[in-house]
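Asks: sequence below, structure please.
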Amino acid sequence: MIKTRLNTLYTGITTDVERRFKEHSGLNKRGARYLKGKGPLELMWHEEVGSKSDALVLEYRVKKLNKRQKLSLIDGGLTLHSLR
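Replies: Take a look at the predicted model:
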């Protein structure tokens, strides 16, 4: 999960968190359109999951959470296992 300077949270999946965060933070065309012009960005949370299909299911569930729930996930009050 990435926090923008506007204090919004962006959720996505990747196989390489460091590379993807650099793409989002840079000026190249590989970053998410949503994040353009909203820097500086801050990586707030990431977690490794089993497979791409698991990641897609969890991404969908995280995106449905409200901001308070997402912040709870970041702080450790909510776990990925509770979303399954």
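Asks: burial check on residue 50, number of neighbours?
Replies: Look at residue 50: counted by other CB atoms under 10 Å, it has 8 neighbours. Backbone N, C-alpha and C define where each C-beta goes, glycine included.
Asks: am I right that it is in a helix?
Replies: No. Checked against DSSP: H, G, I helix; E, B strand; the rest coil, residue 50 lies outside a helix; its state is coil.
Asks: what's the spacing between it and residue 59?
Replies: Distance, residue 50 to residue 59, using CB to CB, to the nearest Å: 13 Å.
Asks: again with residue 79
Replies: Separation of residue 79 from residue 59 (CB to CB): 15 Å.
Asks: so these two - more neighbours on which side?
Replies: Set side by side, residue 79 and residue 59 show more neighbours around residue 59, with 14 against 11, by other CB under 10 Å.
Asks: can you confirm that one is in a helix?
Replies: Yes. Secondary structure of residue 59 (three-state DSSP): part of a helix.
Asks: give the contact list for it.
Replies: 11-13 (CB atoms under 8 Å, 6 or more residues apart in numbering).
Asks: quick one, strands of this structure?
Replies: For the chain, applying DSSP state E gives strands covering 2-3, 9-10, 42-43.
Asks: partner strands of the first one and their direction?
Replies: Each strand paired with strand 2-3, and its direction, by DSSP bridges: strand 9-10 (antiparallel), strand 42-43 (antiparallel).
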